[in-house]
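Colleague: structure of the sequence below:
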Amino acid sequence: MKAELQRATEALKVALHCAIDDVNFNKSHLSELWRHYNGVACILESCAEDTPPPSLDYDAISFDYSNEYTDFYNNAAQPVDPGIVQGGQDVISFS
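Modeller: Residues are numbered from 1 along each chain as shown. The predicted structure is shown next:
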């Protein structure tokens, strides 16, 4: 996040300098630009250094497919044994 705050601070600094030099810029907005620049700069100073995200070694990741659901997925397309089906019948009615 510190890198983003650094870029924001630099952008606000450039905008503030451009606004000061621009004769058509509404000078009553200078204090707002200064306030935003100063606020982001203060946050930047207190922000911790960026830490690089952990890298994932995808070659070291293994998946264990030997669990209770393996048989379910391997047999999902197999015919259903009528002996294990319990309950009533599905009924669809239209009114």
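
Colleague: correct me, but residue 48 touches residue 5?
Modeller: No: Residue 48 lies out of contact with residue 5 (C-beta atoms under 8 Å); the separation is 10.8 Å. All C-beta spots, glycine's among them, are computed from the backbone N, C-alpha and C.

Colleague: okay, those two: which has more neighbours?
Modeller: Taking other C-beta atoms under 10 Å, residue 48 and residue 5 do not tie; residue 5 has more neighbours (17 against 7).

Colleague: how near is that one to residue 19?
Modeller: Note on residue 5: its distance to residue 19, by C-beta to C-beta, to the nearest Å, is 21 Å.

Colleague: just residue 44 next, same as before
Modeller: Residue 44 is 20 Å from residue 19, by C-beta to C-beta.

Colleague: same thing with residue 12?
Modeller: Taking C-beta to C-beta, one finds residue 12 at 10 Å from residue 19.

Colleague: swap in residue 27?
Modeller: Residue 27 is 8 Å from residue 19, by C-beta to C-beta.

Colleague: out of those two, which sits in the busier spot?
Modeller: Using other C-beta under 10 Å, the more surrounded residue of residue 27 and residue 19 is residue 19, with 17 against 10.

Colleague: quick one, what contacts the more buried one?
Modeller: 25, 29, 30, 33 (C-beta atoms under 8 Å, 6 or more residues apart in numbering).

Colleague: rerun that using 6 Å as the cut-off
Modeller: By C-beta atoms under 6 Å, 6 or more residues apart in numbering, the contact list for residue 19 reads 25, 30, 33.

Colleague: what subset of those residues is buried?
Modeller: By neighbour count, with 16 or more other C-beta atoms under 10 Å, the contacts of residue 19 hold residue 33 as buried.

Colleague: fine, thanks again, bye for now.
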